[in-house]
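Visitor: return a 3D structure for these sequence lines:
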Amino acid sequence: MSTKIIIEIATFALIPVITMNLGGIIALIRQPSGSVRSMILHFAAGVVFSVVAVEILPDIVKEHQPLMVIIGFSLGLITMLAIKRFSESKTGEQVNINESKLPLSLLVAVGVDIFIDGLLLGISFNAGKKEGLLLAIALGLELLSLGIATATELRQSKLSKGKTIGLIFGLTMIFFSSAVLGSSLLSSLSPQYLEIVLSFGLSALLFLVTEELLLEAHEEEETAWHTAIFFFGFLLFLILGMVV
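Guide: Below you'll find the predicted structure:
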């Protein structure tokens, strides 16, 4: 992979890095209401689902390799279910740091989540530059909400603002590293193995939409506007996929 392409991927990966840090700062200044956060999650879910349906899925279908798709899709589902089970089993674990408590389970869950997100971004660049750009924007919206939620939880654990921002920045570096690493490692794969990787990403992104973004968004009382925002996010990136 050329240096130019790596720089390009790194640049797009900075979008979610910036938004997650921005979300953390916003939460420290003034935490958004549950309704606003739910709207962000609905919009992000619609955007991710649109990128999957419009950009990634057609690239998988056109190769006509059903066995590779079954293998990759199954591995993606198994991986995401294992991560979810692990994070749920660790709920409540904390480590004392001076007078504050570091929510270890939260950091592990978030770290694994954004590591997978970074890999998915790297995978999408192997499907095409446009796919990578659109997913970078979609993940940027997801990580904006995640930054808000993470900062809120860390502050509730009595961590200082400085430590909170430092931890969020560290988590975003995991995302950045996995995006660049993922794309670099996957760039030399044969079409057959790339089909497995893209199918893995497809499954993981669908899991992200249905079992994380929408599930968390539904924790708040919903209105017709919340539902409409999901479809607006889908339509917006459907049109962007046509004109970009």
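Visitor: quick one: name whatever helix or strand follows the helix or strand that contains V110.
Guide: Using DSSP states H and E, V110 falls within helix 104-127. Next helix or strand after helix 104-127 toward the C-terminus (DSSP H and E): helix 129-156.
Visitor: rounded mean pLDDT for that next one, please.
Guide: Mean per-residue pLDDT for helix 129-156: 79.
Visitor: what about that helix, distance to the chain center?
Guide: 6 Å (Cα atoms, centre = their mean, to the nearest Å).
Visitor: the chain should start at 280 in everything you say after this.
Guide: Happy to do that; since the first residue is 280 now, the last one works out to helix 408-435.
Visitor: check which element follows it along the chain.
Guide: Toward the C-terminus from helix 408-435 - assigned by DSSP H and E - lies helix 440-465.
Visitor: quick revisit: counting by contacts, list what the helix holding V389 packs against.
Guide: Under the contact criterion of 3 or more Cβ pairs under 8 Å, 6 or more residues apart in numbering; DSSP states H and E, helix 383-406 touches helix 282-308, helix 345-368, helix 408-435, helix 440-465, helix 470-486. Just so you know, the C-beta spots here come from the backbone N, C-alpha and C atoms, and that holds for glycine as well.
Visitor: name the stretch among these that sits most buried.
Guide: Each of the helices and strands packed on helix 383-406 was scored by mean neighbour count; the highest is helix 408-435, a mean of 23, by mean count of other Cβ atoms under 10 Å.
Visitor: that helix to helix 440-465, inter-axis angle?
Guide: If you take axes from the mean of the first three to the mean of the last three Cα atoms, to 10 degrees, helix 408-435 sits at 150 degrees to helix 440-465.
Visitor: export the helices and strands packed on helix 383-406 to a markdown table and tack on distance to S317?
Guide: Converted to a markdown table, the helices and strands packed on helix 383-406 look like this (distance: least, Cβ to Cβ, whole Å):
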| stretch | distance to S317 |
| --- | --- |
| helix 282-308 | 14 |
| helix 345-368 | 21 |
| helix 408-435 | 9 |
| helix 440-465 | 21 |
| helix 470-486 | 20 |
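Visitor: just give me the lowest mean pLDDT stretch among those helices.
Guide: Sorting those by mean pLDDT places helix 408-435 lowest, at a mean of 79.
Visitor: right, I'll leave it there.
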